[in-house]
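> here is my input, please return the structure:
(one chain, ligands or ions: 1)
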Amino acid sequence: MKGIIPAAGLGTRLRPLTFTRPKPVLRVAGKPIIVHAIETLQTAGINEIAVIVSDLTRTEIEYTLRSVSGCQITLIDQHEQLGLGHAVGMACEWAAGGDVCVYLGDNLFEFGINSYVEQFNAERPDALIALVEVADPSAFGVARVNQGHIVELVEKPKEPVSNLAVAGAYFFSSRIFQALRDLPPSARGEYEITDAIQRLIREGATVLGQRVQGWWKDTGRPSDLLDANRLLLERLETNIEGQVSGSRLSGRVHLPASSRVLSSKIVGPVMIGEDVVIEDAYIGPFTSIGRGSVIKHAEVEHSVLEAFVRIESVDVRLQDCLIGLRARVSGGRRIPRTLKLTLSDASEVELT
Ligand SMILES: Cc1cn([C@H]2C[C@H](O)[C@@H](COP(=O)(O)OP(=O)(O)OP(=O)(O)O)O2)c(=O)[nH]c1=O
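I've put the predicted structure just below:
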């Protein structure tokens with residue numbers, strides 16, 4: 001089985017972060033989201049992977065994927081973002097008639113996708129879809145299921161037929177590419193993968209659903225990035241190699257040899273990247289700090305800081321923040337008590 005990762009979306013809900021870089025390269029728990037996705041596929045034994053990119057996302061994604069090893073990655077262009085079905089269709093020739101796993105480039109599954117690959121290989125359906133119970137199904141593709149078989153699938157229905165939403169992992173035989181051919185666009189003008197699957201159902205193909213075990217996260221909105229970071233840091237392991245002096249570290253902390261913690265307090269789980277300096281600071285739980293960042297005389301918790309961020313002399317606790325590459329925050333008196341910032345790359349905030 002080969003893997004297809006659609007990663008050509010515009011990421012509008014993650015603006016301003018996605019004004020400068022595409023969603024799949026944003027980091028959670030110290031790693032770009034798309035690298036988490038590729039590792040999930042590799043763990044399931046999928047080592048030939050096509051990443052669908054747009055003209056805007058290609059360069060950044062190509063650069064990010066240079067660090068990935070152990071699999072063969074092909075970038076496929078989707079010049080116009082005409083929908084997920086269209087994105088998958090772009091990989092038809094590359095798939096060359098074999099089975100494919102379509103794994104959305106912005107999704108995270110606690111326990112990965114091994115159980116899906118196993119079921120698919122054992123039962124050989126035409127489609128197997130990951131399904132998850134959600135409180136608000138109308139925002140998703142929704143499935144009606146009978147004894148493990150999906151009997152109806154509707155994209156973002158006004159009146160959902162169940163609370164089972166389609167999560168971002170699909171497993172298909174080559175029949176999906178026939179179903180995608182000549183598919184009309186939906187009412188919202190997109191070529192929907194759910195319409196192609198619905199076509200398979202109508203044609204009598206075997207379409208199965210398997211419930212997601214553990215947590216599942218679609219990192220579409222800023223709050224999802226913070227949630228994903230928190231969920232991934234829950235399983236962080238302590239590894240302290242860097243210099244620690246006059247500081248108190250508790251909980252699980254990852255501190256590489258090239259980073260330093262001086263006169264500070266850190267309460268894990270906290271993930272610290274390479275070449276980071278933390279001085280006279282408090283870093284609270286569920287914080288990821290990107291490489292080359294400097295945090296001095298400041299307090300940060302439950303936040304994601306990209307690389308080369310500088311936070312200095314901020315007399316206000318930063319909480320629930322998403323801070324872009326090379327952004328700077330400085331100054332600030334203790335009014336209000338906490339500050340929640342979402343800052344795109346290279347932003348500068350001076351609190352006076
Ligand atoms: C619509 C579309 C999505 N995708 C990918 C991007 C995501 O990984 C996945 C789901 O897309 P979405 O989350 O629906 O879209 P998006 O990523 O552009 O984000 P937003 O809604 O905030 O603008 O499918 C494509 O590759 N091509 C497309 O034409």
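> just give me the neighbour total for residue 248.
12 (other CB atoms under 10 Å). From N, CA and C alone the C-beta is placed, and that goes for glycine too.
> isn't it right up against residue 265?
Yes. Counting by CB atoms under 8 Å, residue 265 is a contact partner of residue 248 at 4.9 Å.
> and the residue of the stretch 1-150 of the chain that's closest to the ligand?
Closest to the ligand within the stretch 1-150 of the chain is residue 9: 2.3 Å, counting by CB to the nearest ligand atom.
> for the most centrally placed residue in the chain, give its distance to residue 24.
Closest to where the C-alpha atoms of the chain average out (CA atoms, centre = their mean) is residue 106, at 3.4 Å. With distances taken as CB to CB, to the nearest Å, residue 106 is found 6 Å from residue 24.
> for these two, list the residues in contact with both.
7, 33, 37 (CB atoms under 8 Å, 6 or more residues apart in numbering).
> take the residues you listed and keep only those in strands.
The members of these all map outside strands under DSSP state E.
> quick one: contacts for residue 74?
Here residue 74 is in contact with 48, 49, 50, 51, 94 (CB under 8 Å, 6+ apart).
> cool, residue 44 as well?
So residue 44 contacts 101, 112, 113, 114, 116, 117 (CB under 8 Å, 6+ apart).
> change it to 10 Å
Shown in contact with residue 44 (CB atoms under 10 Å, 6 or more residues apart in numbering): 1, 3, 101, 103, 112-118, 169, 171.
> ok, residue 229 - contacts?
27-30, 217, 219, 269, 271, 286-288, 302-304, 322.
> same thing but at 7 Å, please
Contacts here follow CB atoms under 7 Å, 6 or more residues apart in numbering; on that basis residue 229 touches 28, 29, 286, 288, 304.
> kindly report the same for residue 152.
144, 161, 201.
> quick one: residue 288 and residue 271 touch, right?
Yes. With contact defined as CB atoms under 7 Å, residue 288 counts as touching residue 271 (4.4 Å).
> overlap of the contact sets of the two?
Shared contacts of residue 288 and residue 271, counting by CB under 7 Å, 6+ apart, come down to 29, 30, 233.
> what's the per-residue pLDDT of the first one here?
On the pLDDT scale, residue 29 is placed at 95.
> can you give me phi and psi for it?
phi 50, psi 40 (degrees, to the nearest 10).
> okay, now residue 102: neighbour count?
23.
> got the contact list for the closest residue to it other than its chain neighbours?
Nearest residue to residue 102, sequence neighbours excluded (CB to CB, 6 or more residues apart in numbering): residue 170, at 4.3 Å. Contacts for residue 170 (CB under 7 Å, 6+ apart) come out as 102, 127, 129, 193.
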